[in-house]
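S.K.: model the structure of this input:
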Amino acid sequence: MILRPPADRHRSTPSRHYAVVGAGIAGVACARTLIQAGHRVTVFEREAAPGGRMASVSTPFGRFDTGAQYFTVRDPRFTAAIETAPGICKPWSANLVRVLDAHGRVAEAALPGLEQHWVAQPGMDALVAQWAAPLGDALVTRTNVTRIEPDALDATRWQLRTTGDDDSQHVYSGFDAVLLAVPPARARELLDGGRLSRKISKKVDPVRIAPCWTLMIAFPQANQPTMSHLGPQWNVARSTHHRIAWLARESSKPGRDRIERWTVQASPAWSQEHLRDGRPRVEAKLLRAFAEITGIRAEPSHSQARCWPEAQTQVPVGEEHLWDAEARIGVAGDWCLGHRVEDAFLSGLTLALKVI
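M.R.: Below is the predicted model:
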């Protein structure tokens, strides 16, 4: 049984030390806000760089956005944040979005009431990297938090046990609060079955997020003087094909290499059904579906699949964030509100404002 440290209402200094677990857009927004308010923050990220599902990957044929494909802007707070990174975000002329039927035929010419689509350049992770840059040494990468427990030297605070890439172990201590900006499965694990905060665990338990298999393919042979691209004239498609839900010509995004590249995202149901399949099997199946929809039957020079175990929120928390003031544990993420990039930002921002 883990005993959470009691709330300390008598600290003499207003400055506190926060641990933020996860350096996706929610975690970075949260950390930046806390630092701007004069607090100390340590951000833990198990990957080599910040980004989360705003991830991009570089290949010899150009970059691919492996997670979020674009974002929209509705809230003025998100607008103000975007304006702090001038030149990073560009509008993507995705007004040729099509809705395709299961046989690859255009069922609807364009999505009604289409919002402006925005992308970061040279990849979606560039926006998070820009916002994370001022964190400096406060961002600890390649570090996986394995356990949250009362500080061994001060029971009024928390300490975090971590492992590194080389299986090294370390304990970081002295935190007044711990804020989790991670997917729900990871949050459940770190909340330790509700022993850290039963209040938060009860609200996290019903959350459901569907997986997504993503395929990245490149056709450099399409870039010839007499041929600018392969296949259809449209650059983006939402599909009702039983395997594929989304297709995007990466090379149509602003600030990207012009080599013909496509990102294909499988449907939630198909991804769930094939969650345990090996990558070669998934690649083969999605390539066949891609050919059926686009008519592109050429062999790609590059093909790479990635699985996101938690990609699109099906059942959200329904609140901007979660905060247990007694335990001094908080949770943020797009899945608190929905699945949009803006949801992640607003969740991290409002959690920071709540605990300040």
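S.K.: the closest residue in space to Glu47 that isn't next to it in sequence - how many residues pack around it?
M.R.: Leaving aside its chain neighbours, Glu47 sits nearest to Thr141 (6.7 Å; criterion: C-beta to C-beta, 6 or more residues apart in numbering). Backbone N, C-alpha and C define where each C-beta goes, glycine included. If you count neighbours by other C-beta atoms under 10 Å, Thr141 ends up with 16.
S.K.: contacts only, for Thr141.
M.R.: Ala23, Glu45, Arg46, Glu47, Ala48, Ala49, Pro50 (C-beta atoms under 8 Å, 6 or more residues apart in numbering).
S.K.: please apply the same query to Asp165.
M.R.: Arg142.
S.K.: need the pLDDT of it.
M.R.: Looking at Asp165, its pLDDT is 87.
S.K.: ok, it to Thr214 distance?
M.R.: Applying C-beta to C-beta, to the nearest Å, the value for Asp165 to Thr214 is 24 Å.
S.K.: and Glu292, that's in a helix?
M.R.: Yes - looking at Glu292 with DSSP: H, G, I helix; E, B strand; the rest coil, it is inside a helix.
S.K.: isn't it right up against His241?
M.R.: Yes - when contacts are counted by C-beta atoms under 8 Å, Glu292 is listed as touching His241 (7.1 Å).
S.K.: Trp246: what secondary structure?
M.R.: strand.
S.K.: skipping adjacent residues, who's closest to it in space?
M.R.: Nearest to Trp246 is Gln265, by C-beta to C-beta, 6+ apart, at 4.2 Å.
S.K.: wasn't the one you found part of a strand?
M.R.: Yes - counting by three-state DSSP, Gln265 falls inside a strand.
S.K.: could you pull out the helices for the stretch 51-200 of the chain?
M.R.: 76-82, 125-132, 184-190, 198-204 (DSSP state H, counting those that start in this stretch).
S.K.: the ones you listed: which one's closest to Gln304?
M.R.: Closest of these to Gln304 is helix 125-132, at 16.4 Å (criterion: C-beta to C-beta).
S.K.: run through the neighbouring helices and strands of that closest one.
M.R.: Helix 125-132 is packed against helix 25-36, with contacts defined by 3 or more C-beta pairs under 8 Å, 6 or more residues apart in numbering; DSSP states H and E.
S.K.: what's the next secondary structure element after the helix it packs on?
M.R.: Helices and strands here follow DSSP states H and E; after helix 25-36, the next one along the chain is strand 40-44.
S.K.: packing partners for that following strand?
M.R.: Right, strand 40-44 is packed against strand 17-21, helix 25-36, strand 139-140, strand 143-150, strand 169-175 by 3+ C-beta pairs under 8 Å, 6+ apart.
S.K.: among the ones you listed, which comes closest to Gly194?
M.R.: strand 143-150 (12.8 Å).
S.K.: could I get that closest one in PDB with only the CA atoms?
M.R.: The C-alpha trace of strand 143-150 is given here as PDB (Å, rounded to 0.1, in the frame of the first residue of the first chain):
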ATOM      1  CA  THR A 143      14.200   8.600 -19.400                       C
ATOM      2  CA  ASN A 144      11.200   6.300 -18.500                       C
ATOM      3  CA  VAL A 145       9.400   7.000 -15.200                       C
ATOM      4  CA  THR A 146       8.600   3.600 -13.600                       C
ATOM      5  CA  ARG A 147       7.200   4.600 -10.200                       C
ATOM      6  CA  ILE A 148       5.900   7.500  -8.200                       C
ATOM      7  CA  GLU A 149       6.400   7.300  -4.500                       C
ATOM      8  CA  PRO A 150       6.800   9.500  -1.400                       C
END
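S.K.: what mean pLDDT does it have?
M.R.: Strand 143-150 comes out with an average pLDDT of 97.
S.K.: ditto for stretch 25-38
M.R.: Stretch 25-38 comes out at a mean pLDDT of 97.
S.K.: use 46 as the first number from now on
M.R.: All right, first residue 46 from here; so that's stretch 70-83.
S.K.: from the chain's centroid, how far away is it?
M.R.: Mean-position distance between stretch 70-83 and its chain equals 17 Å (C-alpha atoms, centre = their mean, to the nearest Å).
S.K.: which parts of the host helix or strand of Arg333 are buried?
M.R.: Assigned by DSSP H and E, Arg333 belongs to helix 324-339. Using 16 or more other C-beta atoms under 10 Å as the test for burial, helix 324-339 gives Val327, Glu328, Lys330, Leu331, Leu332, Ala334, Phe335, Glu337, Ile338, Thr339.
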